[in-house]
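# Show me the folded form of this:
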Amino acid sequence: MLLTYFFSLICLDLIEGFDRPGGAGWKAPEQLLDGRKTFKADLFSLGCVLYFVITGGSHPFGQVIDQRDKNILENKINLSQLANMPEAFHLISLLLHPEPKLR
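As a prediction, the model looks like this:
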């Protein structure tokens with residue numbers, strides 16, 4: 001939650017329709033399922049933030065805000081914009097791993 005709050009303070013003016021810190025598309029799967037707020041969940045949020053910053057405003061789980069949480073739970077991730085950035089791709093794919101222990 002700390003990362004999503006920090007992110008919202010910096011990028012609020014960049015995101016049209018951003019609803020609130022910790023809003024749709026920024027929480028880890030385990031956080032969506034049972035509300036667990038852990039360091040591993042923060043790593044997941046960091047992965048989303050890094051992808052957003054590196055790609056200039058895209059989200060790894062889709063541009064439709066209302067679909068992001070569903071995509072997170074189903075691990076429907078799209079990192080195609082990082083195809084020419086192997087280091088970023090590797091780091092972000094690790095941060096967004098659906099299994100917390102593998103982040």
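# alpha carbons only for contacts and neighbour counts from here, please
Noted.
# List the buried residues of the longest helix along the chain.
In the chain, assigned by DSSP state H, the helix with the most residues is helix 39-55. Going by neighbour count (16 or more other C-alpha atoms under 10 Å), the buried part of helix 39-55 is K40, A41, D42, L43, F44, S45, L46, G47, C48, V49, L50, Y51.
# Enumerate every residue touching the residue nearest the centre of the chain.
Centrality entry for the chain: nearest residue to the mean C-alpha point is C48, 2.5 Å, by C-alpha atoms, centre = their mean. Residues near C48 by C-alpha atoms under 8 Å, 6 or more residues apart in numbering: W26, H59, P60, I92, L96.
# and what of F89?
Contacts of F89 were listed using C-alpha under 8 Å, 6+ apart, and they are L79, L82, A83.
# and the nearest residue to the second one once chain neighbours are set aside, how far is that from L50?
Distances taken as C-alpha to C-alpha, 6 or more residues apart in numbering put F89 closest to L82, at 5.5 Å, once the chain neighbours are dropped. With the distance defined as C-alpha to C-alpha, to the nearest Å, F89 ends up 10 Å from L50.
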